[in-house]
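Undergrad: no letters, just coordinates:
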């Protein structure tokens, strides 16, 4: 019997892979699984009456735009090597509340600014804890979620917060060429995120930190600033979307609904 | 058989040292009653003491009738362990010889494809002998005591010492990676703040880690990204990165360090160890000013051919007035490439050698059994 030992201690003993096994390599299995999923989805779509009707599509685009904005923000956090944030949804909810209250008091423009600052501060603090103190991102985001949820409930007393009539400009609630503003904002946010990742120093630093934190440190990347930035930026995109929200009613229990 | 009898069998393997994990792998092979063992660079990341242990065990297995196919770039292990040696170069079979019928020099020449003397390129007389780096009273609590040195332009200074001697702490401290380091450091006569990598990189003081996988490369990023990692600031137009400029720079750097520029878009993970190491050197060639390059074990885990190329790159950097400060546990390398050698023992400087006074026996004596501390 012949055995092979690799220089890397964590490597496994190599085994001769036969042609049959090669055909079922993970990458190929993944491709076929994805293709099958797409086919099933297509069949379900075509078999559901009214799914492709205009109202259904518009509703879908509006919903997808919100989830998409959260996903873009989460993507930056994931790229920075910090897995994900459990508190991003709660942050959006509480920031929306602050935005509405500020809009009612100060008007739309100032409300937007206050909301942006509040959200950035909230996520920036989490980013600072993770990037500078090197706290565990999962623990930080769970703690932030609990804090946000508790403080919000105590503050709003399980009621709802509404924007006063006329606070939000009509332009922020409509459609452009029949496309919901929310969807346009989502596409814009995606394009901006892609631009930041490919064409800015911050974006490249973010990829470096995510690829190897220690190597990024060794080439002089300010790792804590980069990680904090990854946590702050999503809020900007999310607030942008919120500012264009059709409905600015945000119950305090929104994040756990 | 492997001396593992007193080990706690319930202990997670992740908590073991690398050498112990290697022994676990060897034990696993023996448990499957393997008569032929193929070992691919089993000592690449081990200390001298661990290597000695592994080699001792392998000799024992050889004595018990096991056949061993041993792949290594460490020539000392070939002569200590093997009965016959086969040299491969660029995928071609070069020679198969009985170990007792071949010399070290012949083996290196077969591996390199050129003469042994070309392994370490000769140092050209530096045009500018001014001081590039000055270190005074460098201290790291528990690791380094009152370390001082002067590094002229265009010279390679090697800090020699065993593991735990503090040699690698010097380079890490100068790279800004040791927050507790104190001392006075100047680069080109200007003071440099310790404890800040960003500050050091801004002064073009760059670091090549001995742990290439964890602290050197961005494995999931492309060859281009790795080459230009420290030059992003210089390749911007109105705050936006200029990819044509980055590509031109990446192509130039790849050609200078001998990496195929057609692989700029490949993930660095897919390159050989030698080419990965060349990427780290390529970063030092990208700046407008000559760099101060700090290297810990710059040729660890790479083949002889790539080592020769890296020595050539180091000399080219010297010709550009860069100052190179390195540590190495390979004494042959120290004697072959260094212009100045500073020996360390338990965090203290023992001696300083330059030119013809660099002799392996003196260095070995200093780093193992020092008789006197340097005044």
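TA: Happy to help now that I have it. Source: prediction; values computed, not measured. Numbers count the residues shown, from 1 in each chain, chains lettered A, B, ... in the order given.

Undergrad: taking chain A, what residue is nearest to chain B?
TA: residue A:220 (2.9 Å; C-beta to the nearest C-beta). (Glycine included, C-beta is placed from N, CA and C.)

Undergrad: any idea which helix or strand carries the residue in the stretch 151-300 of chain B that chain A sits nearest to?
TA: Chain A sits closest to residue B:201 of the stretch 151-300 of chain B, with a gap of 2.9 Å, by C-beta to the nearest C-beta. Using DSSP states H and E, residue B:201 maps to helix B:197-202.

Undergrad: mind checking how far that helix is from the chain centre?
TA: In terms of C-alpha atoms, centre = their mean, to the nearest Å, the centre of helix B:197-202 is found 22 Å from the chain centre.

Undergrad: which strands or helices does the following helix or strand past it pack on?
TA: On the C-terminal side of helix B:197-202, the closest following helix or strand by DSSP H and E is strand B:205-208. Helices and strands touching strand B:205-208, as assessed by 3 or more C-beta pairs under 8 Å, 6 or more residues apart in numbering or on different chains; DSSP states H and E, comprise helix B:167-174, helix B:197-202, helix B:273-285, strand B:292-296.

Undergrad: from the rest of the structure, what touches the helix holding residue B:201?
TA: A:217-222, B:174-177, B:192-193, B:206-207, B:230 (C-beta atoms under 8 Å, 6 or more residues apart in numbering or on different chains).

Undergrad: closest to residue B:328 among the residues you listed?
TA: residue B:207 (15.1 Å; C-beta to C-beta).

Undergrad: how about the residues of the stretch 51-200 of chain A near chain B?
TA: By the rule C-beta under 8 Å from any C-beta of the partner chain, the part of the stretch 51-200 of chain A lying against chain B is A:198-200.

Undergrad: can you say which of those are buried?
TA: residue A:200 (16 or more other C-beta atoms under 10 Å in any protein chain shown).

Undergrad: make JSON lines out of the residues of the stretch 51-200 of chain A next to chain B and add secondary structure, pLDDT and distance to residue B:185.
TA: Below are these laid out as JSON lines (DSSP: H, G, I helix; E, B strand; the rest coil; pLDDT from 0 to 100; distance: C-beta to C-beta, whole Å):
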{"residue": "A:198", "secondary structure": "helix", "pLDDT": "92", "distance to residue B:185": "37"}
{"residue": "A:199", "secondary structure": "helix", "pLDDT": "93", "distance to residue B:185": "36"}
{"residue": "A:200", "secondary structure": "coil", "pLDDT": "93", "distance to residue B:185": "32"}
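
Undergrad: so which of the residues of the stretch 51-200 of chain A next to chain B comes closest to residue B:81?
TA: So of those, ranked by how close each gets to residue B:81 (C-beta to C-beta), first place is residue A:198, at 50.0 Å.

Undergrad: rewinding a little: of the contacts of helix B:197-202, which is the nearest to residue B:100?
TA: Lowest distance from residue B:100 to these (C-beta to C-beta) belongs to residue B:207, with 42.1 Å.

Undergrad: ok, the nearest residue to the closest one once chain neighbours are set aside - how many residues close by?
TA: Leaving aside its sequence neighbours, residue B:207 sits nearest to residue B:175 (C-beta to C-beta, 6 or more residues apart in numbering or on different chains; 3.7 Å). Applying other C-beta atoms under 10 Å in any protein chain shown, we find 28 residues neighbouring residue B:175.

Undergrad: quick one: contacts for residue B:175?
TA: A:218, B:197, B:200, B:205-207, B:294.

Undergrad: most neighbours among those residues, which one is it?
TA: residue B:294 (30 neighbours).

Undergrad: wouldn't that residue be in contact with residue B:205 here?
TA: Yes: assessed by C-beta atoms under 8 Å, residue B:294 is found in contact with residue B:205 at 6.8 Å.

Undergrad: quick check: neighbours shared by these two?
TA: In contact with both residue B:294 and residue B:205: B:174-175, using C-beta under 8 Å, 6+ apart.

Undergrad: now the helices for chain A?
TA: In chain A, the helices defined using DSSP state H lie at A:19-23, A:26-47, A:54-79, A:88-106, A:108-131, A:137-156, A:181-199, A:201-211, A:213-218, A:223-243.

Undergrad: right, so of those helices, which gets closest to residue B:241?
TA: Comparing the helices of chain A by C-beta to C-beta, helix A:181-199 comes nearest, at 5.1 Å.

Undergrad: pull the distance from that closest one to the chain's centre.
TA: Distance of helix A:181-199 from its chain centroid, counting by C-alpha atoms, centre = their mean, is 12 Å.

Undergrad: what residues sit buried inside that helix?
TA: For helix A:181-199, the neighbour count (16+ other C-beta under 10 Å) marks A:181-186, A:189-190, A:193, A:196-197 as buried.

Undergrad: now swap in stretch B:309-319 and tell me
TA: Residues of stretch B:309-319 classed as buried: B:309-315, B:317-318 (neighbour count, 16+ other C-beta under 10 Å).

Undergrad: do stretch B:178-195 as well
TA: For stretch B:178-195, using 16+ other C-beta under 10 Å, the buried residues are B:178, B:181, B:183, B:185, B:187-188, B:192, B:194.
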